[in-house]
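**Q** Just need the structure, nothing else, for what follows:
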Amino acid sequence: MIDGNIAGARLLIVDDDPLMRGIAVKTLRHGGFIVGEADGGAQALALFSQSPFDLLLLDVMMPDMDGYEVCRRIRSLPHGGRVPILMLTGLNDTASIDLAYRAGATDFISKPINWTLLSHRVRYSLRASRAVEMALRSRESLERAQRIANMGSWEITGDDRRFEGSVELARVFGMPSDSVDALPAQALLDRVVESDRATVHAMREAVIRDGMPYQITFKIRNFDGALRTLHEQAIPVLDDAGQQFAVEGITQDVTDRVETEKRVSRLTRFDALTGLPNREFFDRLASPALERSRRLGSTCALVHIDIDRFKSVNDGLGHSQGDAVLVTIADRLQTS
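**A** Alright, predicted model coming up:
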């Protein structure tokens, strides 16, 4: 829809009756719409393929191709999946209406047409289509955000604890995107490593039974066999009366972040070249030992190892060879 402006929407009138088509075109142009017209199904398909419209008014009974077939073909086109299609029909029987909906029609308008109300019906359909489009875009935006954050969402509802998960939740667990809803929540819980499983189960039971929100980090062996670290949050969902009727949660794969934090933490405590504890780590360990010796009046020993003439190794062979010597010495110290 052009700039979200309903009054400037592009409509296509498809009807083999030139009088009926002419009145519809005049009425809708007077309502502020941009209106194109086609005298049959073939012309309508050609026009829509060249320049998609925001709404179609489609007659059912036409000589070259009936409206049901035109509707089905429009739905198969790249830009035809969501466009509102209003069927114009003089057939009031239930079977004809059912055929229209099964062909993909959005709604129908019975003939003879109430021309005063036609523009209002079109505006209503356009607004409804716009609302659906915005909801779909919002959902797609949420899915993109979840994909970027390696995060999936889920919900547990009803006394039967019906579980529904997002497409991204399936990716977090390393499974096909269309299979997450087919699995019970227990199947995902079974992927949690045994040391964490009881805690995760207890927290989920607490939020379902007692409405206790939680945050927890745990490890899983996902359906691909990889060991991953997840962070999960869940909260109760309450109705207007304050009664809990569901639980909503998000589960995020934080493996890369956790591994990065571990590497950073190690770099602050260990020498990057040799892997031995650095001076900061030594101070952290030595200070409590010295304080304990002072408090108890005892003694403690400190062994200091120096490398004689190491400067000559760097000067004569270069710093890379000097580093190799340090790594060799460190390996021997750790294996002694």
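**Q** what residue ranges in the stretch 51-200 of the chain are flagged as low confidence?
**A** Residues of the stretch 51-200 of the chain that meet the criterion pLDDT under 70 lie in 91-93, 139, 142-143, 178, 181-183.
**Q** Break down it into its helices, ranges please.
**A** 67-76, 94-103, 115-148, 167-172, 185-189, 194-210 (DSSP state H, counting those that start in this stretch).
**Q** most packed of the ones you listed?
**A** helix 167-172 (a mean of 21; mean count of other Cβ atoms under 10 Å). Quick note: C-beta positions are derived from backbone N, CA and C, even for glycine.
**Q** who touches that helix?
**A** Applying Cβ atoms under 8 Å, 6 or more residues apart in numbering, the contact partners of helix 167-172 are 143, 146-147, 150-154, 176-180, 222, 228, 230, 251-253.
**Q** and with 10 Å instead?
**A** Contact partners of helix 167-172, identified using Cβ atoms under 10 Å, 6 or more residues apart in numbering, comprise 142-154, 165-166, 175-181, 183, 188, 220, 222-223, 228, 230, 249-253.
**Q** likewise stretch 320-329?
**A** Residues outside stretch 320-329 that contact it (Cβ under 10 Å, 6+ apart): 271, 273-276, 305, 307, 310-318.
**Q** buried residues in that stretch?
**A** Gly322, Leu326 (16 or more other Cβ atoms under 10 Å).
**Q** Then stretch 238-254?
**A** Neighbour-count burial for stretch 238-254 flags Ala246, Val247, Glu248, Gly249, Ile250, Thr251, Gln252, Asp253, Val254 (criterion: 16+ other Cβ under 10 Å).
**Q** what's next to stretch 117-133, contact-wise?
**A** 1, 4-7, 9, 11, 23-24, 27-33, 35, 54-55, 57, 82-86, 88, 106-107, 109, 113-114.
**Q** sorry, that was for stretch 271-283
**A** 266-270, 284-286, 302, 323-324, 326-331, 333-334.
**Q** Sitting in helices, which of those residues do you find?
**A** With helices taken from DSSP state H, the overlap with the contacts of stretch 271-283 comprises 266-269, 284-286, 323-324, 326-331, 333-334.
**Q** isn't Asp59 right up against Arg21?
**A** Yes - shown here, Asp59 and Arg21 form a contact pair, counting by Cβ atoms under 10 Å, at 8.4 Å.
**Q** Out of the buried residues of stretch 238-254, the closest to Gln50 would be?
**A** Taking Cβ to Cβ as the measure, Gln50 lies nearest Ile250 of the buried residues of stretch 238-254, at 44.1 Å.
**Q** you'd agree that closest one is in a strand?
**A** Yes - counting by DSSP: H, G, I helix; E, B strand; the rest coil, Ile250 is found in a strand.
**Q** I'd guessed it sits against Gln233; true?
**A** Yes - between Ile250 and Gln233 there is a contact under Cβ under 10 Å: 5.5 Å.
**Q** which residue sits closest to Ser96, ignoring its sequence neighbours?
**A** Closest residue in space to Ser96, ignoring its immediate chain neighbours: Thr89 at 6.1 Å, by Cβ to Cβ, 6 or more residues apart in numbering.
**Q** on that earlier part again, narrow the contacts of stretch 117-133 to just the buried residues.
**A** Using 16+ other Cβ under 10 Å, the buried ones in the contacts of stretch 117-133 are 1, 6, 9, 11, 23-24, 27-28, 31, 33, 35, 54-55, 57, 83-86, 88, 106, 109, 113.
**Q** Narrow those to those in strands?
**A** Leu11, Val35, Leu55, Leu57, Ile85, Leu86, Leu88, Ile109 (DSSP state E).
**Q** Which of those sits closest to Thr199?
**A** Nearest to Thr199 among these, with distances taken as Cβ to Cβ, is Ile85, at 53.1 Å.
**Q** any idea how far the closest one is from Arg127?
**A** Using Cβ to Cβ, to the nearest Å, one obtains 16 Å as the distance from Ile85 to Arg127.
**Q** Neighbouring strands - and their directions - for the strand ranked longest in the chain?
**A** The longest strand of the chain (DSSP E) is strand 227-238. With DSSP bridges as the test, strand 227-238 is paired with strand 214-221 (antiparallel), strand 244-253 (antiparallel).
**Q** Next one, pLDDT for Thr260 please.
**A** At Thr260, the predicted lDDT confidence score is 83.
**Q** Check Ala324 too.
**A** Model confidence at Ala324 (pLDDT) stands at 88.
**Q** repeat for Met203
**A** In this model, Met203 carries a pLDDT of 93.
**Q** Identify the residues contacting it.
**A** Contact partners of Met203, counting by Cβ under 10 Å, 6+ apart, are Met212, Pro213, Tyr214, Gln215, Ile216, Phe218, Glu232, Ala234.
**Q** Please repeat the previous calculation with a cut-off of 7 Å.
**A** Tyr214, Ile216 (Cβ atoms under 7 Å, 6 or more residues apart in numbering).
**Q** Output the strands paired with strand 227-238 in CSV, with distance to His201 appended to each entry.
**A** Formatted as CSV, the strands paired with strand 227-238 follow (distance: least, Cβ to Cβ, whole Å):
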stretch, distance to His201
strand 214-221, 11
strand 244-253, 14
